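Trainee: Just a sequence and a predicted model for now, questions to come.
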Amino acid sequence: MPVLGVLENMSGLLVGVAECRFVDSGSGADVTTATLAAIRAKCPELLGLKLSADAFPRSGAGPEGMAVAFDVPFLGSLPLDERLGHATDQGIPFVSSFPASPAARPLLAVAEALMARLKSPDPAGAAE
């Protein structure tokens, strides 16, 4: 079976500040309500920002290195979005249902890259 490429799944977490849960680093207590109240009072424009975090640090050369090692294209990176799993479990088209999701645009780009690869005369390239 030909390998069409490497896709990095769960490449990071992108979440709005207002959607975050804040925890005191010393006690572990939930301080979300107080933190969001302070942000609203002192710097409300921060509530429009998104936070980006690498939930799973890369190992070695990462997925790009794997693609090079196996001589297949690197198709892209999909950030974590719990709605993606729920949508696939329920048979719901993710991109059209959640177009504002951080994963929607990368997923669409991966689908387009795969379609282009499958239309080429030799979609597998050297990797089989």
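Mentor: Noted; the coordinates are in hand.
Trainee: lowest average confidence, helix or strand, in the chain?
Mentor: strand 13-16 (a mean of 86; mean pLDDT, DSSP states H and E).
Trainee: Next SSE downstream of that strand?
Mentor: helix 32-42 (DSSP states H and E).
Trainee: So what's the gap between the least confident helix or strand of the chain and the chain middle?
Mentor: In terms of C-alpha atoms, centre = their mean, to the nearest Å, the gap separating the centre of strand 13-16 from the centre of its chain is 9 Å.
Trainee: buried sites along that strand?
Mentor: 13, 15 (16 or more other C-beta atoms under 10 Å). (Each C-beta comes from the backbone N, C-alpha and C, glycine too.)
Trainee: Which strands or helices does that strand pack on?
Mentor: strand 50-53 (3 or more C-beta pairs under 8 Å, 6 or more residues apart in numbering; DSSP states H and E).
Trainee: so after the strand it packs on, what's the next helix or strand?
Mentor: On the C-terminal side of strand 50-53, the closest following helix or strand by DSSP H and E is helix 62-69.
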